[in-house]
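Asker: I'd like to go over a predicted model; first the sequence, then the structure.
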Amino acid sequence: MTKRGLILDGGTGRELERIGAPFRQPEWSALALMEAPEFVRTVHDNYIGAGADIITTNSYAVVPFHIGDARFEADGEMLAVRAGRIAREAADASTDRKILVAGSLPPIFGSYQPDLFNPKLAGRYLDILVKGMAPSIDLWLAETQSSLAEARAAHQATKDTGKPLWISFTLRDDAATSDMPEPLLRSNETVKAAAELAASLGAEAMLFNCSMPEVMEAAISTARSTFTAIGIDIPLGVYANAFPSQQGDEEANATLSEIREDLDPVAYGAWAARWVASGASIIGGCCGIGTDHIHRLSGEYRCA
């Protein structure tokens, strides 16, 4: 792969479980943030050691969907502050290179659930996360966005912070095994429309995450051609998951999903090479992609 671009970190929840952190449903990765934040720091340190240039705050599950309405109302901002500070401290401890901190803004009503989107509540919840993390982060990463409406809400919540916004969409996995003419978001909106929205909102990067590696290449190509037609150059990125196809009413973190055996670091690196060839310049991993994968990527592909 070409020696250019940036390396993102990998998934957080599975890494927390792997190193022995408190981990269960429905709290998912938020449980360690609440009960044993030292494990969160360890995960960040491990990804930096593996070669990540960007680490992501452990705020994905700091939403009522995972920790409940009462806990979010009482502690949501405090947990967002904690997630931001832990990531910032880990990044600042790096002495050999600059590490950026991405503030994770999740789909508020659950992954892969565009039909549950409530713009009024989403704005209120996102405002709490943004307020808590803003002092600690370098950029916002609105991730696993299933619809254009979710992305618009993230933009609205962050537009006055003065920090760049990266938008990452999740795709329909069945595009890999169907005759679907073009890649689609889980809302059935097109990647072309998503790219046009990202451009109109002034996003500084557009990515695709939490979908199978097989569907990413077509999405990158579609987004790139859309930006070319508009006359704009926005960096593109991919961080796929290691789940089997998840469609329909399935929610990404509703259960502890099985991990594919065919996506070891070498195999994942081969997919990453295809994404880079298609135009991606930001590469990392999502659920089930861990430090070994990131180490492999960083050995082949990273910023100079």
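Answerer: Looks like it came in fine. Just so you know, these numbers come straight off a predicted model, no measurement behind them.

Asker: can we go C-alpha only for contacts and neighbour counts from here?
Answerer: OK.

Asker: A strand includes residue 104, no?
Answerer: Yes. Judged by DSSP: H, G, I helix; E, B strand; the rest coil, residue 104 forms part of a strand.

Asker: what bridges to it?
Answerer: Beta-bridge partners of residue 104, counted by DSSP bridges, are residue 141.

Asker: contact partners for it?
Answerer: Counting by C-alpha atoms under 8 Å, 6 or more residues apart in numbering, residue 104 touches 56-60, 140-143.

Asker: with distance to residue 93, neighbour count and pLDDT added, can I get the residues you listed in JSON lines?
Answerer: Putting the contacts of residue 104 into JSON lines (distance: C-alpha to C-alpha, whole Å; neighbours: other C-alpha atoms under 10 Å; pLDDT from 0 to 100) gives the following:
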{"residue": "56", "distance to residue 93": "15", "neighbour count": "27", "pLDDT": "98"}
{"residue": "57", "distance to residue 93": "15", "neighbour count": "29", "pLDDT": "98"}
{"residue": "58", "distance to residue 93": "17", "neighbour count": "30", "pLDDT": "98"}
{"residue": "59", "distance to residue 93": "20", "neighbour count": "24", "pLDDT": "98"}
{"residue": "60", "distance to residue 93": "23", "neighbour count": "27", "pLDDT": "98"}
{"residue": "140", "distance to residue 93": "21", "neighbour count": "27", "pLDDT": "99"}
{"residue": "141", "distance to residue 93": "22", "neighbour count": "24", "pLDDT": "99"}
{"residue": "142", "distance to residue 93": "25", "neighbour count": "27", "pLDDT": "99"}
{"residue": "143", "distance to residue 93": "25", "neighbour count": "26", "pLDDT": "98"}
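
Asker: closest to residue 197 out of those?
Answerer: Nearest to residue 197 among these: residue 142, at 13.5 Å, using C-alpha to C-alpha.

Asker: which stretches in the chain count as strands?
Answerer: Using DSSP state E, the strands of the chain run over residues 6-7, 54-56, 100-105, 139-145, 165-169, 205-209, 236-240, 282-285.

Asker: same for the first one, what does it pack against?
Answerer: For strand 6-7, the helices and strands in contact under the criterion 3 or more C-alpha pairs under 8 Å, 6 or more residues apart in numbering; DSSP states H and E are strand 282-285, helix 291-300.

Asker: of those, which is nearest residue 98?
Answerer: helix 291-300 (14.6 Å).

Asker: from the chain's centre, how far out does that closest one sit?
Answerer: 17 Å (C-alpha atoms, centre = their mean, to the nearest Å).

Asker: pLDDT weak spots in this structure?
Answerer: Along the chain, the parts satisfying pLDDT under 70 run over 1-4, 176-178, 246-257, 302-304.

Asker: looking at it, which residue lies furthest from center?
Answerer: residue 179 (27.1 Å; C-alpha atoms, centre = their mean).

Asker: wait, which of the strands of the chain is closest to residue 228?
Answerer: It's strand 236-240; of the strands of the chain, that one is closest to residue 228 (C-alpha to C-alpha) at 12.4 Å.

Asker: partner strands of that closest one, with direction?
Answerer: By DSSP bridges, strand 236-240 pairs with strand 205-209 (parallel), strand 282-285 (parallel).

Asker: circling back to that earlier point, as a markdown table, the helices and strands packed on strand 6-7 with distance to residue 73 and mean neighbour count would be great.
Answerer: Shown next, in a markdown table, are the helices and strands packed on strand 6-7 (distance: least, C-alpha to C-alpha, whole Å; neighbours: other C-alpha atoms under 10 Å):
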| stretch | distance to residue 73 | mean neighbour count |
| --- | --- | --- |
| strand 282-285 | 30 | 28 |
| helix 291-300 | 33 | 20 |
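
Asker: and those as a markdown table, adding distance to residue 8?
Answerer: Formatted as a markdown table, these follow (distance: least, C-alpha to C-alpha, whole Å):
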| stretch | distance to residue 8 |
| --- | --- |
| strand 282-285 | 4 |
| helix 291-300 | 8 |
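
Asker: how close does the nearest residue to residue 268 once chain neighbours are set aside get to residue 220?
Answerer: Closest residue in space to residue 268, ignoring its immediate chain neighbours: residue 293 at 7.1 Å, by C-alpha to C-alpha, 6 or more residues apart in numbering. In this view, residue 293 and residue 220 are 21 Å apart by C-alpha to C-alpha, to the nearest Å.

Asker: swap in residue 47?
Answerer: Counting by C-alpha to C-alpha - residue 47 and residue 220 are separated by 25 Å.

Asker: now stretch 191-211: buried residues?
Answerer: Buried residues in stretch 191-211, counted by 16 or more other C-alpha atoms under 10 Å: 191-192, 194-199, 201, 203-211.

Asker: figure out the length between the terminal residues of that stretch.
Answerer: By C-alpha to C-alpha, one end of stretch 191-211 lies 14 Å from the other end.
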